[in-house]
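Engineer: Need coordinates for the below:
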Amino acid sequence: MAVGAVVAVGLVGVALDHWRYGSLVIGIGLLLAGGLRLTLRERQAGLLVVRSRSFDATALLALGFALVALANTIPAARL
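Structural biologist: All right, here's what the predicted structure looks like:
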């Protein structure tokens with residue numbers, strides 16, 4: 001639920017035309033999901049379980065880091 005809430009906030013940010021903020025929040029949500037997948041047991045992880053623990057955590061953390069890096073490297077629009 002926590003990961004879904006963070007991603008939902010990010011999607012609202014993107015929908016409101018704050019795409020850098022929204023992308024950063026979605027990336028943080030993916031990092032949260034990867035961290036939870038590493039620490040929680042199989043029964044507790046729920047919908048975060050797709051494949052093996054190492055594959056799930058690696059994929060989520062890689063996507064999270066990539067999205068956070070992308071959101072931070074693109075310069076803000078000047079008005």
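
Engineer: Could you tell me which residues make contact with Met20?
Structural biologist: No Met there; residue 20 is Arg. Arg20 makes contact with Ala71, Ile74, Ala76 under the criterion CB atoms under 8 Å, 6 or more residues apart in numbering. Heads up, the C-betas are built off the backbone N, CA and C, glycines and all.

Engineer: Gly13 now?
Structural biologist: By CB under 8 Å, 6+ apart, the contact set of Gly13 is Trp19, Tyr21, Gly22, Val25.

Engineer: do Gly10 as well
Structural biologist: Tyr21, Gly22, Ser23, Leu24, Val25, Ile26, Gly27, Ile28, Gly29.

Engineer: Tell me, please, the helix or strand in the protein that averages the lowest pLDDT.
Structural biologist: The helix or strand of the chain with the lowest confidence, counting by mean pLDDT, DSSP states H and E, is helix 42-45 at a mean of 74.

Engineer: who touches it?
Structural biologist: So helix 42-45 is contacted by Leu36, Arg37, Val49, Arg53 (CB under 8 Å, 6+ apart).

Engineer: out of these, who has the most neighbours?
Structural biologist: Highest neighbour count within the contacts of helix 42-45, by other CB atoms under 10 Å: Arg37, with 22 neighbours.
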